[in-house]
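>>> Whatever this is, show me its structure:
(2 chains)
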Amino acid sequence: MGKDKETRVRFAPSPTGHLHIGSARTAYFNWLFAKKNQGKLVLRIEDTDAARHVEQSLESLTHALRWLGLGWDEGYEAGGGSGPYRQSQRKAIYAGYAQKLIDAEKAYPCFCSPQNLAQQRQQAEKEGKTYTYNRCCLNLKRSEVQERIAKGSPYAVRIQLPHRHKIHFEDTVYGNITVDTSQLDDFIILRSNQLPTYNFSATIDDALMKISHVIRGEDHLSNTPKQIIIYHLLGFGLPCFTHLPMILGEDGRKLSKRHGSVSIEAYKNQGILPQAILNYLALLGWSYTGQQDIFSVQEAVEKFDLSRLHKKPARFDHQKLLWINGCYIRGMDPDRLAALIAQRMKTGLKDKDLRTDWDRDLEKKIKMIVPLIQERIKTLDEAMDWIGPFFCKVSYSQEAVHFFDRKKTDAPLVLQKTIEALENQTIFSGPNIEQNLRNLAQEMDLSLRNYTQVVRMALWGNKVSPPLFETIAILGKECTLHRLKNYLEAITAKT
RNA sequence: GGCCCGUUCGUCUAGUGGACUAGGACACAAGAUUUUCAAUCUUGGAACAGGAGUUCGAUUCUCCUACGGGCUGCCA
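Here you go, the predicted model:
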């Protein structure tokens, strides 16, 4: 860990599914640390478990990282001097080191069958005992080992654990940690299919790729002693270890699919902005004053500091994420927001009942609408609900039709008068319409609240709508009158 | 079960022995504003897990208990 050594960190996901919110935070913190220290971020793919490997998730993973804006300097798809960056393509390297350890009698072949071992483990568990491997293959004669190998018997390779040896290491977050090797097992480093296990491949790669700081989830804290043994046995220097507290679901349990949307992709689909996700993630397990909640990625880079990491696992709070997303939406350039919404519209309103006169100039219309809804939405998804009635025909629910039945307002009269007033409206702009209709309400001796309620119901089929007068202006004279007449008809035709 | 780690409002957190009547944010409640809904502003309720030490003094240091999380795989 020489001072002049380059800062190199890595994000090393295993391609088993979509990018998870917890992994995203790990990626972000690594990214922040690299940026802060003008270091490099390496993307390494830990695909040593063929059974769990899902090839498509690689694309999903890189896509999500890029969408979040977390680019990497080296690694998968980026190349670099320490490749290949997929562990499945580095088999020979791991096998070589494993052989080295065998030759040095620091590791040994194990011919026990997985089934057999599982049985032993089960047995020990049943008896309430801690299972440790019985080391039967450690005592095999050299000749017998040779013979079995020659015969082609499958074997795994196990570390020969140093006896009663204390392992010390320092974690940035959790401080000094000491573990006695008696708590460990002769763990497997190479499977019988010649592929390495996590602790072996991660260690070798971190060393070979000259990773200076290992920043990963707290679930790896207990693995670290095993890795330290490998570092020592192979004569590698240690990186700095930093373990990040876990992100828990809202119920305090480990985050999993049961918690609904936990993948970045799901949040993207809901219309959460990448900045908002990163901002929220930075609030989990890290803080720099506790007084500020909204800060840009740029600010985060400036302030980021490993020493302000927490130890306590944090629960994921969807409400706060939504609030942050709302902040970013409100602060966004309206034209950019319009573009994002237009993009979603193309798929979102596909099978709805579109107004025939509005199928062109989609984005132009949305630009007019955005100022009305920008401060009302928390996600891009919600924008669809607000925008829909501008583009689609409205229909009136039973509730809408009977809404004024028990109210004092003479809805049919209001509608008739409004129709007349708007038919005579020459300049169809928000302020002009407002002036006109305010006057009308006054003439009819109605509070603006009670008056607008009728028009709102007619135009939106709903108690809630965007600001009414601007909405009328955007809807246009023809459409507005049409809806007013329709509603009038609907409420008078009812029996 | 064993080992490792943790514990401040419902949630995220500030706090590193006296400045703490424990601060901020989300959420919640009330009010203001208002053409609805939001947004905005004001106000309010809400926490140091429990016990024993150390100390003139503990949210802050130590120990124990309780609770929570992680690991304990030929998963990562």
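>>> Spell out which parts of the stretch 151-300 of chain A neighbour RNA strand B.
A:154-156, A:174-175, A:177, A:179, A:183, A:185, A:187-188, A:191-193, A:195, A:197-199, A:202, A:218-223, A:245-246, A:248, A:252-254, A:283-287, A:289-291, A:293 (Cβ under 7 Å from any atom of the strand). For every residue, glycine as well, the C-beta is placed using N, CA and C.
>>> For PyMOL, write a command that selects the buried ones of those residues.
Listed next is the PyMOL selection for buried residues among those, using 16 or more other Cβ atoms under 10 Å:
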select buried, chain A and resi 155+156+174+177+179+185+187+188+191+192+195+197+198+199+202+218+220+221+223+245+246+248+283+284+285+286
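>>> Show me how far stretch A:7-16 is from its chain's centre.
16 Å (Cα atoms, centre = their mean, to the nearest Å).
>>> List the buried residues of that stretch.
A:7-15.
>>> From those residues, which land in strands?
Within the buried residues of stretch A:7-16, residues falling in strands by DSSP state E are A:8-11.
>>> would JSON lines of these with pLDDT be doable?
Listed next are those as JSON lines, based on pLDDT from 0 to 100:
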{"residue": "A:8", "pLDDT": "98"}
{"residue": "A:9", "pLDDT": "98"}
{"residue": "A:10", "pLDDT": "98"}
{"residue": "A:11", "pLDDT": "98"}
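>>> Name the nearest of those relative to residue A:388.
Relative to residue A:388, the closest of these is residue A:11; by Cβ to Cβ it sits at 39.5 Å.
>>> ok, and the closest non-adjacent residue to the closest one?
What sits nearest to residue A:11 in space, not counting adjacent residues and going by Cβ to Cβ, 6 or more residues apart in numbering, is residue A:27, at 4.4 Å.
>>> And the pLDDT at that neighbour?
Per-residue pLDDT puts residue A:27 at 98.
>>> and it, how many neighbours?
Residue A:27 is flanked by 27 other residues according to other Cβ atoms under 10 Å.
>>> before we move on, what about residue A:277?
24.
>>> same thing with the one 3 residues further on?
If you count neighbours by other Cβ under 10 Å, residue A:280 ends up with 24.
>>> outside of the helix or strand hosting it, which residues touch it?
Per DSSP states H and E: residue A:280 is located in helix A:274-283. Outside helix A:274-283, the residues that touch it by Cβ atoms under 8 Å, 6 or more residues apart in numbering are A:21, A:24-25, A:28, A:32, A:67-69, A:264, A:267-268, A:293-297, A:300, A:320-321, A:324-325, A:327-328.
>>> Cross these against helices and list the overlap.
A:21, A:24-25, A:28, A:32, A:67-68, A:264, A:267-268, A:297, A:300, A:320-321, A:324-325, A:327-328 (DSSP state H).
>>> Can you tell me which of these are buried?
Buried among the ones in helices among the contacts of helix A:274-283 by 16+ other Cβ under 10 Å: A:21, A:24-25, A:28, A:32, A:68, A:264, A:267-268, A:297, A:300, A:321, A:324-325, A:327-328.
>>> quick one: contacts for residue A:458?
Contacts of residue A:458 by Cβ under 8 Å, 6+ apart are A:415, A:483-484, A:486-488.
>>> cool, and residue A:463?
So residue A:463 contacts A:403, A:453, A:456-457 (Cβ under 8 Å, 6+ apart).
>>> In helices, which of the residues you listed appear?
A:453, A:456-457.
>>> Might you name the residue of chain A sitting closest to RNA strand B?
Nearest residue of chain A to RNA strand B (Cβ to the nearest atom of the strand) works out as residue A:290 at 2.4 Å.
>>> That residue should be in a helix, yeah?
No: per DSSP: H, G, I helix; E, B strand; the rest coil, residue A:290 lies outside any helix segment and is coil.
>>> which ones are touching it?
By Cβ under 8 Å, 6+ apart, residue A:290 has no neighbours at all.
>>> ok, back up a step: output the buried residues of stretch A:7-16 in CSV; the columns should cover distance to RNA strand B.
Converted to CSV, these look like this (distance: Cβ to the nearest atom of the strand, whole Å):
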residue, distance to RNA strand B
A:7, 22
A:8, 18
A:9, 16
A:10, 12
A:11, 11
A:12, 6
A:13, 7
A:14, 4
A:15, 9
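>>> Dump those into TSV; add distance to residue A:146 as well.
Formatted as TSV, those follow (distance: Cβ to Cβ, whole Å):
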residue	distance to residue A:146
A:7	46
A:8	41
A:9	43
A:10	38
A:11	42
A:12	36
A:13	39
A:14	35
A:15	37
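>>> Closest one to residue A:37 out of the residues you listed, please.
Distances from residue A:37 to the buried residues of stretch A:7-16, taken by Cβ to Cβ, are shortest for residue A:7, at 4.1 Å.
>>> For the residue lying closest to the closest one once chain neighbours are set aside, grab the count of nearby residues.
Excluding the flanking residues, the one nearest residue A:7 by Cβ to Cβ, 6+ apart is residue A:39, at 2.8 Å. By other Cβ under 10 Å, 18 other residues sit near residue A:39.
>>> In terms of pLDDT, where does residue A:39 sit?
Value for residue A:39, per-residue pLDDT: 97.
>>> State the pLDDT value of residue A:1.
Reported pLDDT for residue A:1: 46.
>>> so where's the stretch 351-495 of chain A uncertain?
A:351-360, A:494-495 (pLDDT under 70).
>>> RNA strand B contacts on that one?
A:375-376, A:434, A:448-449, A:452-453, A:456, A:463-470.
>>> and those residues, which are buried?
For those, buried by 16+ other Cβ under 10 Å: A:376, A:434, A:452-453, A:456, A:465-466, A:468-470.
>>> got a list of what the residue nearest to residue A:11 touches?
Residue A:27 touches A:11, A:13, A:19, A:65, A:68, A:70, counting by Cβ under 8 Å, 6+ apart.
>>> Also residue A:239?
Neighbours of residue A:239 in contact, by Cβ under 8 Å, 6+ apart: A:1, A:206, A:211-214.
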